[in-house]
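> give me a 3D structure for the following:
(one chain, ligands or ions: 1)
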Amino acid sequence: MLTKILFVCLGNICRSPAAEAICLFKLKQQELLENFQVDSAGTGAWHVGKEADSRMKDAAGKRGILIESKARQITLDDLNRFDLILTMDNTNLKDVENLADELNSQISSEIRPLLFYGSNKNILEVPDPYYGGEKGFEEVLDLLEDAINGLILNLNET
Ligand code: 4NP
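As a prediction, this is how the structure comes out:
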């Protein structure tokens, strides 16, 4: 059976497209790709149709990870199309929960912070790197890689 995962951030040009690409990269490495469908979306619509931020593409590229997705905005349909919706920060989480409220929470997906799966239980938000420097992108990628390792382990155990 396919497990469908949607990563969500604000703009869908930095954190969630990187999470999507990292997840695809790790699933491929572990020969698990055929069991999963992976996508990403933003809660906002400002960047719809755009490629990921070049700073994030460059930082991920140095790790051998190719970010190919184009930005899109999350839809109400997504809440019933995906099994797991993984948000980057508390604002994304609240925004997606508010969408679920529009459907009276009659949804099939589980919504939770991606860093629920991270090894450092004191960090529950992936910081927004958009207005920061190069170091911020590396920190985001470190957090994403760690949490996605935990996510894949968890999904393979269940
Ligand atoms: P993301 O980063 O949510 O990780 O894609 C951002 C991208 C753009 C903006 C904010 C955050 N923005 O304000 O345009």
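> please make it C-alpha for all contacts and neighbour counts, starting now.
Will do.
> what does this structure have sitting close to the ligand?
Neighbours of the ligand within the chain, by CA under 6 Å from any ligand atom: Cys9, Leu10, Gly11, Asn12, Ile13, Cys14, Arg15, Asp128, Tyr130.
> now do 5 Å
With the criterion set to CA under 5 Å from any ligand atom, the chain comes near the ligand through Cys9, Leu10, Gly11, Asn12, Ile13, Cys14, Arg15, Tyr130.
> sitting in strands, which of those residues do you find?
Cys9 (DSSP state E).
> inside helices: which ones of the residues of the chain next to the ligand?
Secondary structure from DSSP state H places Arg15 of the residues of the chain next to the ligand in helices.
> pull the longest helix from the chain.
The chain, longest helix under DSSP H: helix 134-157.
> quick check: mean pLDDT across it?
Average pLDDT, helix 134-157: 95.
> helices or strands up against it?
Applying 3 or more CA pairs under 8 Å, 6 or more residues apart in numbering; DSSP states H and E, one finds that helix 134-157 contacts helix 15-29, helix 54-61.
> just give me how far it sits from the chain centre.
Centroid displacement of helix 134-157 relative to its chain, using CA atoms, centre = their mean, to the nearest Å, is 10 Å.
> residues of stretch 92-110 that come out buried?
Across stretch 92-110, burial judged by 16 or more other CA atoms under 10 Å covers Asn92, Leu93, Asp95, Val96, Glu97, Leu99, Ala100, Ile107, Ser109.
> if you could redo that for stretch 42-57, that was the one I meant.
Across stretch 42-57, burial judged by 16+ other CA under 10 Å covers Gly42, Thr43, Gly44, His47, Val48, Glu51, Ala52, Asp53, Met56, Lys57.
> outside of it, which residues touch it?
8-14, 16-18, 66-74, 92, 95-96, 134, 137 (CA atoms under 8 Å, 6 or more residues apart in numbering).
> ok, stretch 151-158 next?
Leu27, Tyr117, Gly118.
> who's in contact with the residue in the chain sticking out farthest from the centre?
What lies farthest from the middle of the chain is Asn104; by CA atoms, centre = their mean that is 24.0 Å. Going by CA under 8 Å, 6+ apart, Asn104 touches no other residue.
> and it, how far is that from Gly44?
Asn104 sits 21 Å away from Gly44, taking CA to CA, to the nearest Å as the criterion.
> go ahead and confirm Ser108 touches Asn80.
Yes - Ser108 is within contact range of Asn80, at 5.1 Å (criterion: CA atoms under 8 Å).
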